[in-house]
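J.: what's the 3D shape of this:
(chains A and B)
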Amino acid sequence: MYVAVKGGEKAIDNAHSWLAEERRGSTDIVELSIAQIREQLSLAVNRVMAEGSLFDPDLAALAIKQARGDLIEAIFLIRAYRTTLPRFGYSIPVQTGDMACDRRISATFKDAPGGQVLGPTFDYTHRLLDFKLAADGNDTVAPMAGPRTEPTPHIAEFLKGEDIIQDEPTSDDLPGDLTREPMEFPSTRPLRLQSLTRGDEGFVLGMAYSTQRGYARNHAFVGELRIGKVAVEMDIPELGFAIEIGEVELTECETVNQFKGSKTEPPQFTRGYGLVFGQSERKSIAMALVDRALRWKELGEDNLGAPAQDEEFVLSHADNIQATGFLEHIKLPHYVDFQSELELVRKLRREAEERITPKEAAE
Amino acid sequence: MSEYNFAYLDEQTKRMIRRAILKGLAVPGYQVPFASREMPMPYGWGTGGVQVSAATLTPDDTFKVIDQGADDTTNAVSIRKFFENTAGVVTTEETEKATVIQTRHRIPEAELTEDQILVYQVPIPEPLRFLEPRETETRKMHALEEYGLMHVKLYEDISQHGAISTSYAYPVKVSGRYVMDPSPIPKFDNPKLEMDAIQLFGAGREQRIYAVPPHTKVVSLDFEDYPFEATKADHPCDLCGAEDSYLDEVIMDDAGNRMFVCSDTDYCRSRRAAGHEGRLAKEDAA
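T.: Predicted structure coming up:
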């Protein structure tokens, strides 16, 4: 008779068992190891680290395995784990100018100190399925050169000498921490950048693309894109100086944007900035474009009403863990509110019919 | 799960949340921003309520979780299990025995006492959100007590439909000052918002906590000629015969026959245990 959902606990346990079985797939196939994921699906690992805001390739690989390859689910696992970690302190800012670059390109200068270094890029691959990979794998060994030893200064520094690019204000103020303070608007640039770097790659990409198509176009050149490892240093109070505690791989993109000047600023080039964990080119370029679009107020530009200029809109919707949670919560039971809507619609219909019927009778 | 702190959150975080709760209690109905943490369950699934419960629970508490009024809905089961594992607190399905009750979408039918705390899960804490999507604007409207937009919305409802077409998450004014979203409870529950227990509201994704202290005046917004009306399905419960409880409508067969049962499972159970019977009580037993 009355068959409301009972025994939720048993159902949940069984669902979890089934999920675990599906995750494993056919046992005729060798199980994936964390090391395989870390080494061979490294760009997925990078995305999970970037949007999970935790640099740990092994944990990211574990999350990808546990999430059956659903990267947003994996990012969620990393975020939830990250929250439980104690905070010892903050590192001193990393020096990306000292990065050991695997890749460094500029679209604005044919050559510059440090040179153009293509690195391991998909850029000029022809997107043809490589059936050899399916057949017998690939043990390609790339030709090796000696290590690059020349300094690789930021390209924007050269423009700065000519006083033709907008100067970035420097400050020793401690930036806010998105994960420790609730987001409030208007925000600050450090918080915007924190939000964008952990924001959903697809969302940030879409926002950036919209600026290219004319919604607050800011005509970006990739002044520089660099990928490589940087040292992380931290001040140790007991020692009285900073020591290196590790290194992280980063992708940094600085755009140089056309700018005719505004009410407050002379004609000059302006800048957008993207910095993302791991090799995450698409994300860092997109981040730089959105950063630039969000700087309209600071640069005295007009608000064109474009979505990418709207800080509250962009930052409130960039986080895929927030978005996916709220989106998917509509799967949860809503019997009670639905019931109250049912009654309301029935009542409104009844009243509407009553209003119509006597009129017809009179006619 | 001894590797986690009592009730999962670390003490620093709990302290931060308690401060927000105390501020909320001091300014009834005001939405206090707090640095919501990423919890091991999705945003939108009760992370705000879970954080408030975690900051509220002590080892001596008895904890109850309901979703849609029921203890056995899947997400209620999941949250109860979370606190059984991480806090080791005693749990109960009996409203009277609980000291902390976490709820989604309902207020229990049984009157709560001053020894109890009711924690609500809140999806969108801002009552003005669907009239004005910008937080920067709505915070200003609250600060200036500028609630004209809400009254216009209610008025337009009446002029279009002949009635206020809000049936849940019906806005209230708390202590004569802040307009507050009581979370998506049916408006049937609104009169119960004036109670002896402490009411805490947690919105994790939106990073807000707010509160209604005991014995605080909570008024559902309305007009003199269109007074607020707490409504429910016009039936008694088919299992326990209760006339005064909020009912779920259940489809029973292919012919579309319906039955109505209490959404508050504990209320229904305790009434049946006391010998009350509804229209279909005998069949259910069979």
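J.: Now do the lowest-mean-pLDDT helix or strand in chain A: which elements does it pack against?
T.: Least confident helix or strand, chain A: helix A:335-362 with a mean of 82, by mean pLDDT, DSSP states H and E. Packing partners of helix A:335-362 (3 or more CB pairs under 8 Å, 6 or more residues apart in numbering or on different chains; DSSP states H and E): strand B:247-251. Yep, even glycine has a C-beta here, placed from its N, CA and C like the rest.
J.: Show me what from the stretch 101-250 of chain B comes close to chain A.
T.: Within reach of chain A by CB under 8 Å from any CB of the partner chain, the stretch 101-250 of chain B has these residues: B:104-106, B:123, B:134-136, B:161-163, B:165, B:167-169, B:184-188, B:205, B:207-208, B:231-233, B:238-239, B:246-250.
J.: Please check the residues you listed and keep the buried ones.
T.: B:104-106, B:123, B:134-135, B:163, B:165, B:167-169, B:184-188, B:205, B:207-208, B:231-233, B:238-239, B:246-250 (16 or more other CB atoms under 10 Å in any protein chain shown).
J.: quick one: buried residues of stretch A:296-312?
T.: Neighbour-count burial for stretch A:296-312 [16+ other CB under 10 Å]: A:296, A:299, A:301, A:306-312.
J.: Apologies, that question was intended for stretch A:98-109.
T.: A:99, A:101-106, A:108.
J.: rewinding a little: and the least confident helix or strand of chain A, how far from the chain's centre?
T.: Using CA atoms, centre = their mean, to the nearest Å, the mean C-alpha position of helix A:335-362 is found 48 Å from that of the whole chain.
J.: And stretch A:71-85, by the same measure?
T.: Chain-centre distance of stretch A:71-85: 14 Å, with CA atoms, centre = their mean.
J.: Kindly report the same for stretch A:166-180.
T.: With CA atoms, centre = their mean, you get 19 Å for stretch A:166-180.
J.: Which stretches in chain B count as helices?
T.: Taking DSSP state H as the criterion, chain B carries its helices at B:11-26, B:47-56, B:74-86, B:135-143, B:148-161, B:265-273, B:281-285.
J.: what would those helices look like in TSV with distance to residue B:177 and mean pLDDT?
T.: Supplementary listing: the helices of chain B in TSV, determined by distance: least, CB to CB, whole Å; pLDDT from 0 to 100:
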stretch	distance to residue B:177	mean pLDDT
helix B:11-26	12	96
helix B:47-56	22	97
helix B:74-86	32	93
helix B:135-143	9	96
helix B:148-161	14	93
helix B:265-273	32	96
helix B:281-285	46	66
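J.: and the ones you listed, which is most packed in?
T.: Most buried of these, by mean neighbour count (mean count of other CB atoms under 10 Å in any protein chain shown): helix B:47-56, with a mean of 26.
J.: Can you tell me the closest non-neighbouring residue to residue 177?
T.: In the absence of a named chain, this looks at chain A. Nearest residue to residue A:177 in three dimensions, chain neighbours excluded: residue A:194, at 7.6 Å (CB to CB, 6 or more residues apart in numbering or on different chains).
J.: ah, I was thinking of chain B
T.: Leaving out its chain neighbours, the residue that sits closest to residue B:177 by CB to CB, 6+ apart is residue B:29, at 6.4 Å.
J.: What pLDDT does the model give the one you found?
T.: Residue B:29 carries a pLDDT score of 98 in this model.
J.: tell me the contacts of the spatially most central residue of chain B?
T.: Nearest residue to the geometric centre of chain B (CA atoms, centre = their mean): residue B:120, 4.2 Å. Counting by CB atoms under 8 Å, 6 or more residues apart in numbering or on different chains, residue B:120 touches B:49, B:102-104, B:182-183, B:185, B:199-202.
J.: quick revisit: out of the buried residues of stretch A:98-109, who's nearest chain B?
T.: Of all the buried residues of stretch A:98-109, chain B sits closest to residue A:99, with 29.5 Å by CB to the nearest CB.
J.: surely that closest one meets residue A:152?
T.: Yes: using CB atoms under 8 Å, residue A:99 makes contact with residue A:152 at a distance of 7.1 Å.
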